[in-house]
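1. Sequence below, structure please.
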Amino acid sequence: MNYAHSKRDSLTQELLPKSEWHRLDEHLEDTAENAAEFAGYFGCSSIGRILGYSHDYGKLKPDFQMRLNGALAPVDHKTAGTLLVHQYYPFPYGLMMAYAVYGHHGGLPNHISVGTQVGLEQVLKQEFQIIAGVLPHLPKLELPPALITANSPGMSLSLWIRMLYSALIDSDYLDAERYFQPLKTELRNKFPSLLELHIPFYPKLQELLNKPQNNKVARARRSVLESCLLAATGPAGMYALTAPTGSGKTWSSLAFALKHAEEHSKMRRIIVALPFTSIIEQTAGLFRGVFGEEAVLEHHSNVSYHSDSESEFNPKQLASENWEASLIVTTHVQLLESLFSAKPSRARKLHRLAGSIIILDEAQAIPANLLKPSLAALKCLCDHYGVTVLFCTATQLAFQPEWLGGVTPTDIIGDPEGLYCKLNERVKVEPIGKKTNAELVERLNHHLRALCIVNSRKQALALYEQFPEKEGVFHLSGLMCPEHRSQKLQDITNRLKLEGTSCIVISTSLIEAGVDLDFPVVYREIAGVDSIAQAAGRANREGGLELGHVFIFESVDHPLREGWFKTRAQITQTVLKLYPNLLDPEAIHYYFELAHGMGRNLDSHHILEDLNAGATQCSFQFQEISEKYKLIETEMIPLVIPYDSDCVEYLNEIKNSLYPVRFSRKLQRYTVSIYPNQFERLDKLNRICTLHGAVHYLTTEKEEVDGQIWNSYSEETGLRIYIE
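-> Residues are numbered from 1 along each chain as shown. Below you'll find the predicted structure:
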């Protein structure tokens, strides 16, 4: 008898009897059946089954079985299965499967060796040997449909490999989870189906359709919603919803997706991707209010751990999300980086994209230097995996047809420029030049109600602290955990409902999407035109005033550093020279022409070029691509804030749990993402504790600093990381 996994007593760590171990034949059989089902959604059930049977062939080795018995020497169990599929199946299928099997621990490999990294090509030069005279069950290869696009063969072939790899990884993890964590397995597949989501959404849809049409804003929202419902009856493919901020895109795009799924019975999930972690909880919160707390999967990183090691199964690997829900709210980073990542934890969910409707909110936020490979990947999903992509944006897209293989997304709004003109009449945008924080405070104090949006957390904190009187002044930033921000937003909403009360809000850009607040005056630090248009959506949002005002300023005290914000701000300055009204559709179009032009390389790392160059030989440098494709150059570290008694209770439960990652979804409401240098600084000050090497949380002890009682977390401003 051979085994896939052994098990130890949770208290003594002694090996349990082999009668309780995970049998290898059962593991291979169950993994194969799951992988066949997962890959079957894109016509590759035969390959999925082969991968399931072959991936752990190396565990037949006597030295691996000895390791399960307690031997310490590491054992390579993935090469045997890699050589097996490569020898027994023809090109390119054998090589495609070899990538997946070799990568099922540690990640998809490069094909060609680089430095100390051994490439798959080198591995495949080894001679295949039958282990202990035993071959696994090798199903016959049933040729799948050709999932390759002629004008982008490298992208489509490499994505095909990734999708097969994903089906294998998810199947392997799920079967291991059934063995190690049966209680967690019982909790799976509890999400409602797309069909079931129609029932709670119907009343919300009727509410939206029956709202009084008493001003131009209300009429515009009704028009956008009706256009989305009409367009949803069209074929699967690529669509664009271009409508100004305040036109109801959040609900209209979801109405499109649900109606589209109704028209296409094979559609199985909706994925809403937003640009920033700091705003997804707001959209997820709106959806939960309609569909219920457990119906929406909100996914962004909030547990810091390394799950992609070469070592045999680590329970923390089960924390990687596999997107089994029908309604998912996530970030651009999670969605797009997963399409290019070599890591098992990121790739695990990819096969779930087949048959999905992807709402790419704020699509213009995709970094220009990664635009071409990003669009090529999304186009492949539409071509071969039954996906519909809705590019949802408050500013007109400047995508060229050649970036999408000659295809232009179907416009949902028939006259977007007319819609812009109608809605943008409610606000006036005016540049006011350079301002110090003191000057901004003086101007803001002259308004009864105003919103000021700045580009950085540090600037938001510094500006807020300049107000001598804090009554009616609020701070919002990513340094506040989502639960804290939600409470603060509710406080702001309640105050705005009280006539005659002052309300000044200092915020970062997190308030620019998914937040339904209405101010007569908005101040916006100079940024990209798209960000300014978003900010303008908070001015006279409901159209109740004759005119709202948006003032654009440059910060004297916090000048922009070199990077994305400064580049976009410089382009905006150029646009202002020709178009004083930044909300003019022509100004927005010119802005994106400059943002995507001016000598900028839309594939600065040559990802698409290199993939297409390797297509003929099926030679792809997956590890290199994974390192190159980064929407955010510096990875943030999640830090849990013990903000209330619920979070404290979760942390206490984690301390006594063998599998802390099962709390990961609950902790998202209490997580702040910080830069590595900020994490190190807090750690040196002994303000961070770590549980099970995976969950970092902030200590809450108060201490005396310069004669004052100081806390690491403030009820007014959140995490205190800028105090020296």
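2. which one is Thr242 nearest to, not counting chain neighbours?
-> Pro416 (4.6 Å; C-beta to C-beta, 6 or more residues apart in numbering). Any C-beta I mention is one placed from the backbone N, CA and C, and that applies to glycine too.
3. no, scratch that, I was asking about Met267
-> Ranked by C-beta to C-beta, 6+ apart and with sequence neighbours excluded, the top spatial neighbour of Met267 is Ala261, at 4.0 Å.
4. that older thread, can you count the residues close to the residue nearest to Thr242?
-> Taking other C-beta atoms under 10 Å as the criterion, the count of residues near Pro416 is 17.
5. Next, Pro638: phi, psi?
-> Here is the backbone geometry of Pro638 (degrees, to the nearest 10): phi -80, psi 140.
6. Which strand residues bridge it?
-> Ser673 (DSSP bridges).
7. neighbours around it, how many?
-> Residue neighbour count, defined by other C-beta under 10 Å, stands at 22 for Pro638.
8. you'd agree it is up against His696?
-> Yes: counting by C-beta atoms under 8 Å, Pro638 touches His696, with 6.9 Å between them.
9. where in this structure is pLDDT low?
-> Low-confidence segments of the chain, defined by pLDDT under 70, are located at 278, 301-320, 396-398, 513-514, 598-600, 633, 658-662, 701-710, 722-724.
10. can you list the domains in it?
-> If the domains of the chain are taken from automatic domain parsing, they occupy 3-188+609-628, 194-210+224-299+314-418, 425-584, 637-719, with pieces of a single domain joined by a plus sign.
11. Ok, which of these comes nearest Phe592?
-> Taking C-beta to C-beta as the criterion, domain 194-210+224-299+314-418 is the member of the domains of the chain that comes nearest to Phe592, at 3.4 Å.
12. how about Ser171, what does it touch?
-> 30-32, 34-35, 38, 48, 52 (C-beta atoms under 8 Å, 6 or more residues apart in numbering).
13. Distance from stretch 245-257 to the middle of the chain?
-> 19 Å (C-alpha atoms, centre = their mean, to the nearest Å).
14. What strand or helix carries Val429?
-> Element membership of Val429, judged by DSSP states H and E, is strand 427-435.
15. Give me the contact list for that strand.
-> In contact with strand 427-435 (C-beta under 8 Å, 6+ apart) are residues 443, 526, 532, 536, 539-540, 547-556, 576, 581-583.
16. nearest residue to Met480 other than its sequence neighbours?
-> Nearest to Met480 is Gly718, by C-beta to C-beta, 6+ apart, at 3.5 Å.
17. scratch that, Ser45 is what I was asking about
-> When the adjacent residues along the chain are set aside, Ser45 lies closest to Ala36, with 4.3 Å between them (C-beta to C-beta, 6+ apart).
18. Likewise for Leu205?
-> The shortest distance from Leu205 to any residue other than its chain neighbours is 6.0 Å, reached at Ala255 (C-beta to C-beta, 6+ apart).
19. How about Asn601?
-> For Asn601, the nearest residue in space outside its immediate sequence neighbours is Asn369; the separation is 6.1 Å by C-beta to C-beta, 6+ apart.
20. my guess is the one you found contacts His605, does it?
-> Yes: here Asn369 reaches His605: they are 7.5 Å apart, a contact under C-beta under 8 Å.
21. Looking at the two, which one has more neighbours?
-> His605 (17 against 14).
22. Could you confirm the more buried one falls within a helix?
-> No: when the secondary structure is assigned by DSSP: H, G, I helix; E, B strand; the rest coil, His605 falls in coil instead of a helix.
23. Secondary structure and neighbour count added to the contacts of Ser171, as JSON lines?
-> Supplementary listing: those in JSON lines, determined by DSSP: H, G, I helix; E, B strand; the rest coil; neighbours: other C-beta atoms under 10 Å:
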{"residue": "Asp30", "secondary structure": "helix", "neighbour count": "20"}
{"residue": "Thr31", "secondary structure": "helix", "neighbour count": "28"}
{"residue": "Ala32", "secondary structure": "helix", "neighbour count": "24"}
{"residue": "Asn34", "secondary structure": "helix", "neighbour count": "22"}
{"residue": "Ala35", "secondary structure": "helix", "neighbour count": "32"}
{"residue": "Phe38", "secondary structure": "helix", "neighbour count": "27"}
{"residue": "Gly48", "secondary structure": "helix", "neighbour count": "31"}
{"residue": "Gly52", "secondary structure": "helix", "neighbour count": "29"}
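24. okay if I get the residues you listed as JSON lines plus distance to Trp403?
-> As requested, the contacts of Ser171 are arranged in JSON lines below (distance: C-beta to C-beta, whole Å):
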{"residue": "Asp30", "distance to Trp403": "42"}
{"residue": "Thr31", "distance to Trp403": "38"}
{"residue": "Ala32", "distance to Trp403": "39"}
{"residue": "Asn34", "distance to Trp403": "36"}
{"residue": "Ala35", "distance to Trp403": "33"}
{"residue": "Phe38", "distance to Trp403": "30"}
{"residue": "Gly48", "distance to Trp403": "32"}
{"residue": "Gly52", "distance to Trp403": "37"}
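25. any idea where the helices of the stretch 251-400 of the chain begin and end?
-> According to DSSP state H, counting those that start in this stretch, the stretch 251-400 of the chain carries its helices in the segments 277-291, 332-338, 344-347, 371-384.
26. which of these is buried the deepest?
-> Among those, the stretch with the highest mean neighbour count (mean count of other C-beta atoms under 10 Å) is helix 344-347, at a mean of 25.
27. gap between that one and the chain center?
-> Averaging C-alpha positions (C-alpha atoms, centre = their mean) puts helix 344-347 13 Å from its chain's average.
28. what's that helix packed up against?
-> Based on contacts counted as 3 or more C-beta pairs under 8 Å, 6 or more residues apart in numbering; DSSP states H and E, the elements that helix 344-347 packs against are helix 153-180, helix 332-338.
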